[in-house]
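Participant: coords below, sequence missing:
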């Protein structure tokens, strides 16, 4: 993948996805001492950035590939993106999702016309089941992150941010398998290499962080985090070399810190974001990166949180509040 492919993706999907706002919060700036700019991908079609990569991939398929039917595995947001893109191509789609996927994401995916199969406890288990069926039936597989077309589509988030504000100092990007981080890092470093790119991963599922820091090069046996959108056991084979080449640093955030950022957005900004979507903001709010006096972009990657779990998020956030990170 190269920067030209990201530009091509921008041109291919521009009429299919929203150009989301780059939003500031005076309250957030006062809390952190920085100039924080939130890229509101929770306001994207399907409620997540994932539709960008899915749309770019599906719209790139040949007629024969689309006619074979489209299959994927997803914790929820990629599923909705693939289902929507498949419907645009008038192609059948079948989505394998972990059993723990929030019901809101399952129902939304069904709404876009996909056939849903709940399989396994994690993304990897759902992925294995999807690959098995793909081999058996010859369907066209659309990977959630480990695909050049998908990564290029996700990289369009970075192009928009640079168009909206060209002099950002740092961009914080949530990371699971690494498709968003890889696509954005390549795009940013190609067009404005002075911008620091920092990946943010949940402490309960730190596979990419471990690879990046050299702490552990193997697949994780157990993962757990409220940020289900970035709940993976290992980084992508195609994404990680790009991350290693272009990303400046990586940090982790706890579930309590993620919940705190979620509740901040709900209470102060009147906006519901999901755990993965709040990870980058948590890193800025909880002092995981230096933001004081800097222009910092935070990718709010999705808004498909399960409303029934808000009491859990609220209770977790109280633990961080007691540590006096911010007001």
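Facilitator: In hand now; what should we look at? It should be emphasised that the depicted structure is a prediction, and the values quoted were computed from it without experimental measurement.
Participant: give me the number of residues near residue 100?
Facilitator: 14 (other C-beta atoms under 10 Å). Quick note: C-beta positions are derived from backbone N, CA and C, even for glycine.
Participant: again with residue 156
Facilitator: For residue 156, using other C-beta under 10 Å, the count is 28.
Participant: Can you give me the distance of residue 65 to residue 80?
Facilitator: 21 Å (C-beta to C-beta, to the nearest Å).
Participant: Residue 185 now?
Facilitator: In terms of C-beta to C-beta, residue 185 sits 24 Å off from residue 80.
Participant: now residue 59
Facilitator: 16 Å.
Participant: ok, now residue 213?
Facilitator: Taking C-beta to C-beta, one finds residue 213 at 32 Å from residue 80.
Participant: Also residue 108?
Facilitator: 5 Å.
Participant: Return every residue with contacts to both of those two.
Facilitator: 46-47, 304 (C-beta atoms under 8 Å, 6 or more residues apart in numbering).
Participant: returning to what we had before: between residue 213 and residue 80, point out the one with more neighbours.
Facilitator: residue 80 (28 against 13).
Participant: what's around the closest residue to that one other than its chain neighbours, how many residues?
Facilitator: Excluding its sequence neighbours, the residue lying closest to residue 80 (C-beta to C-beta, 6 or more residues apart in numbering) is residue 46, at 4.0 Å. Neighbour count for residue 46, taken as other C-beta under 10 Å: 29.
Participant: tell me the SS of residue 46?
Facilitator: Recorded secondary structure, residue 46: helix (DSSP: H, G, I helix; E, B strand; the rest coil).
Participant: Report the buried residues of stretch 11-28.
Facilitator: Within stretch 11-28, the residues that count as buried by 16 or more other C-beta atoms under 10 Å are 12-13, 16-17, 20, 22-23, 25, 28.
Participant: First-to-last residue distance for it?
Facilitator: 33 Å (C-alpha to C-alpha, to the nearest Å).
Participant: got the contact list for it?
Facilitator: With C-beta under 8 Å, 6+ apart, stretch 11-28 has contacts from 35-41, 43-45, 51-52, 55-56, 59-60, 85, 88, 153, 156, 160-161, 164-165, 264, 268-269, 281, 285, 297.
Participant: ditto for stretch 161-168
Facilitator: Against stretch 161-168 from outside (C-beta under 8 Å, 6+ apart): 22, 37, 39, 171, 187-188, 191-192, 195, 295-297.
Participant: can you pull out the strands in the stretch 101-250 of the chain?
Facilitator: 115-118, 140-141, 170-174, 196-202, 249-253 (DSSP state E, counting those that start in this stretch).
Participant: What mean pLDDT does the second one get?
Facilitator: If I follow you right, that is strand 140-141. Strand 140-141 carries an average pLDDT of 97.
Participant: packing partners for it?
Facilitator: For strand 140-141, the elements it packs on are strand 70-73, helix 123-137, judged by 3 or more C-beta pairs under 8 Å, 6 or more residues apart in numbering; DSSP states H and E.
Participant: how about the nearest residue to residue 278, chain neighbours excluded?
Facilitator: Per C-beta to C-beta, 6+ apart, closest to residue 278 is residue 261, 3.9 Å.
Participant: Could you look up the SS state of the one you found?
Facilitator: helix.
Participant: Return the residues in contact with it.
Facilitator: Residue 261 neighbours (C-beta under 8 Å, 6+ apart): 273, 278-279, 281-282, 285-286.
Participant: Among these, which ones are in strands?
Facilitator: Under the assignment DSSP state E, the contacts of residue 261 contribute nothing to strands.
Participant: Buried subset of those as a PyMOL selection?
Facilitator: The PyMOL command for the buried members of these (criterion: 16+ other C-beta under 10 Å) is given here:
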select buried, resi 273+278+279+281+282+285+286
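Participant: Take the contacts of residue 261 and lay them out in JSON lines including distance to residue 240 and pLDDT.
Facilitator: Below are the contacts of residue 261 laid out as JSON lines (distance: C-beta to C-beta, whole Å; pLDDT from 0 to 100):
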{"residue": "273", "distance to residue 240": "26", "pLDDT": "97"}
{"residue": "278", "distance to residue 240": "24", "pLDDT": "97"}
{"residue": "279", "distance to residue 240": "18", "pLDDT": "98"}
{"residue": "281", "distance to residue 240": "24", "pLDDT": "98"}
{"residue": "282", "distance to residue 240": "23", "pLDDT": "97"}
{"residue": "285", "distance to residue 240": "27", "pLDDT": "96"}
{"residue": "286", "distance to residue 240": "26", "pLDDT": "94"}
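Participant: In JSON lines: the contacts of residue 261, plus distance to residue 124.
Facilitator: As requested, those are arranged in JSON lines below (distance: C-beta to C-beta, whole Å):
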{"residue": "273", "distance to residue 124": "25"}
{"residue": "278", "distance to residue 124": "23"}
{"residue": "279", "distance to residue 124": "20"}
{"residue": "281", "distance to residue 124": "27"}
{"residue": "282", "distance to residue 124": "24"}
{"residue": "285", "distance to residue 124": "30"}
{"residue": "286", "distance to residue 124": "28"}
